[in-house]
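Asks: Give me a 3D structure for the following:
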Amino acid sequence: MSKLEKMKKEYDDILIPAELGIRIQQEIEKSQRRQRKKGHSLQHSRLKKILHRTEAAAAAICLLFTVALNTNEAFAKGAADIPVIGELARILTFRSYEREQDDIGISVKIPSVEMIEKDTGLTMSKINQEIYMLCEQYAKEAVLRAEEYREAFLETGGTAEEWAEHHVKITVDYEIKQKNNTYLSFMVRGTESWTNAYNASKYYNLSLETGDVVTLEDMLGSEYIELANESIREQISERQRAGEPFFTEEEGGFTGISEDAKFYINQENRPVIVFDRYEIAPGSSGEPEFEIGGSSKSPNAQQSVTQETVQEETPEEGRNESVQGSQRYQDNFQVDAKTAEEFAGKIKEAVAHKDLEALMEFMAFPVYVGLPEVGTVETQEELLEIGAEALFTEGLLSAVEGADIKDLPPSMAGFSISDGGTANINFGVVDGVLAINGINY
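Replies: Presented below is the predicted three-dimensional model:
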């Protein structure tokens, strides 16, 4: 081995300090202390100023991380579980931690986007800085809110034991919406189990060809506002006729989208506009979604096929026979309340007995499982490896047991079996039949 090769090997084997995350946090906290001394608010509207003042430190951190990921084998192995987005980018969990303090559970997973620079020449450092700051800021403010809630609870006669029974949980996580060689679309979400008032989500839509943020105008043209408004109004009318409730304009319902309307890019490369809970519909409707450019009845192209065509389809390989019923549906709004209740009842029974094999009979794979480090489960075998003990948590058992399944309201996402908290089992129409498509904790 030549001297040069030996030096290169020694360089490649340099271990990045384990306290990298701590150093990042220290830099962020230093910046925030300086901001507070100058009397600046920590509200989201001030985020750009915070980012500006921490640009040098954050850029150095991102540089360290990127260099380590690309040059150091030990560090790359430590950053395991890196799902590949097409062939041009990867999204990974840059920082992840769970802890509990004063019976307040905190679970944080912060994503980071890494472009394959040798193929694209693009970097995501600015967006990664923004994501990191937003996630950490939300988590800190959520903890403060929960602590204030706990203090008020105890001061008004509640006991520590009663407080513990609330199972207060703060979660910061992300979800990939689209992953191909053209677009990367994902959502970063913060939730607090004891209130919906502060739950927040932000969608990122990136072009993997240019590295730029994709806008609705990019996807729909200069008349995107008028086009989207017309499509949403048509979809609301059809969904109201199917029984889905929406607020009237007098009640604060839909009056038109804004230029910064939230949206993601779905599997058909179409924009899906998302409204916050209670923004245009009752809370039972969740976060209403509207695909623009597809069928007005359904957000997904696969649901827009005719009922006759669906009836002729062969069950997808790997799908359990029991999920396939005689009745076939185009979308969730065709499912009557009685059918939804009967299907939900079977799910509740399987969960009550902690019978994983029985529960799988009602699943469509791949299925989302919101356990830490799990996400999308592709096959029955993968789910069995997770095991019933891990899957049937106390929170999920309680949420399903306490769920009222009579007159379940349909939505674009399907039907939710929940007691009103964050834990739930979601099912809906998949390839013409009802099936579980997600389990959340």
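Asks: Every contact and neighbour count from this point should use C-alpha atoms.
Replies: Noted.
Asks: Give me the nearest residue to residue 355, chain neighbours excluded.
Replies: In space, residue 355 comes closest to residue 388 once its chain neighbours are excluded; the distance is 7.2 Å by Cα to Cα, 6 or more residues apart in numbering.
Asks: Pull the number of nearby residues for that neighbour.
Replies: Residues near residue 388, counting by other Cα atoms under 10 Å, number 15.
Asks: what's the answer for residue 330, then?
Replies: Neighbour count of residue 330, defined by other Cα under 10 Å: 24.
Asks: doesn't residue 432 make contact with it?
Replies: Yes. Applying Cα atoms under 8 Å, one finds residue 330 in contact with residue 432, separated by 5.8 Å.
Asks: follow-up on the earlier one: so who does the residue nearest to residue 355 touch?
Replies: Listed by Cα atoms under 8 Å, 6 or more residues apart in numbering, the contact set of residue 388 reads 354-356.
Asks: Could you identify the buried members of these?
Replies: For those, a neighbour count by 16 or more other Cα atoms under 10 Å gives the buried set as 354, 356.
Asks: want to throw the contacts of residue 388 into JSON lines with distance to residue 244?
Replies: Shown next, in JSON lines, are the contacts of residue 388 (distance: Cα to Cα, whole Å):
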{"residue": "354", "distance to residue 244": "32"}
{"residue": "355", "distance to residue 244": "33"}
{"residue": "356", "distance to residue 244": "32"}
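Asks: Which ones among the contacts of residue 388 map onto helices?
Replies: Within these, residues falling in helices by DSSP state H are residue 356.
Asks: Between the contacts of residue 388, which sits nearest residue 257?
Replies: residue 356 (42.8 Å; Cα to Cα).
Asks: if I look at that closest one, how far off is residue 392?
Replies: For residue 356, the distance to residue 392 equals 9 Å [Cα to Cα, to the nearest Å].
Asks: quick check, nearest of the contacts of residue 388 to residue 166?
Replies: Checking those one by one against residue 166 (Cα to Cα), the nearest turns out to be residue 354, at 22.9 Å.
Asks: ok, residue 339 - contacts?
Replies: Residues near residue 339 by Cα under 8 Å, 6+ apart: none.
Asks: how about the helix or strand in which it is found: buried residues?
Replies: Residue 339 belongs to helix 337-352 when assigned by DSSP states H and E. Neighbour counts over helix 337-352 (16+ other Cα under 10 Å) mark 337, 340-341, 343-345, 347-348, 350-351 as buried.
Asks: ok, residues contacting stretch 183-198?
Replies: Residues outside stretch 183-198 that contact it (Cα under 8 Å, 6+ apart) are 85, 131, 135, 138-139, 142, 166, 168-179, 199-208, 264-266, 269, 421-422.
Asks: can you map out the helices along the stretch 301-441 of the chain?
Replies: Using DSSP state H, counting those that start in this stretch, the helices of the stretch 301-441 of the chain run over residues 307-312, 337-352, 356-360, 380-386, 388-391, 394-401.
Asks: Can you show me the CA trace of the fifth one as CSV?
Replies: Extracted in CSV, the C-alpha atoms of helix 388-391 (Å, rounded to 0.1, in the frame of the first residue of the first chain):
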residue,chain,number,x,y,z
ALA,A,388,-48.3,-8.6,17.8
GLU,A,389,-46.6,-7.4,21.1
ALA,A,390,-45.0,-4.4,19.4
LEU,A,391,-48.0,-3.6,17.2
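Asks: Okay, now the unreliable bits of the stretch 1-150 of the chain?
Replies: 1-88, 116-123 (pLDDT under 70).
Asks: Centre-most residue in this protein?
Replies: For the chain, residue 175 is the residue whose C-alpha lies nearest the centre (Cα atoms, centre = their mean; 3.5 Å).
Asks: What helices and strands are in contact with the helix or strand that residue falls within?
Replies: In the assignment (DSSP H and E), residue 175 maps to strand 168-179. Helices and strands touching strand 168-179, as assessed by 3 or more Cα pairs under 8 Å, 6 or more residues apart in numbering; DSSP states H and E, comprise strand 104-115, helix 125-155, strand 183-192, strand 263-265.
Asks: Any chance you could list what contacts that strand?
Replies: For strand 168-179, contacts defined as Cα under 8 Å, 6+ apart pick out 85-86, 103-111, 135, 139, 142-143, 146, 184-194, 264-267, 269.
Asks: ok, residue 408 touching residue 336?
Replies: No. Taking contacts as Cα under 8 Å, residue 408 lies outside contact range of residue 336: 9.4 Å.
Asks: which of those two has more neighbours?
Replies: For the pair residue 408 and residue 336, the greater number of neighbours falls to residue 408 (19 against 15), based on other Cα under 10 Å.
Asks: follow-up on the earlier one: ChimeraX command for the buried members of the contacts of stretch 183-198?
Replies: Remark: buried members of the contacts of stretch 183-198, expressed as a ChimeraX selection using 16+ other Cα under 10 Å:
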select :85,131,135,138,139,142,168,169,170,171,172,173,174,176,177,178,179,199,201,203,204,205,206,207,208,264,265,266,269,421,422
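Asks: average pLDDT across stretch 254-263?
Replies: Mean pLDDT, stretch 254-263: 94.
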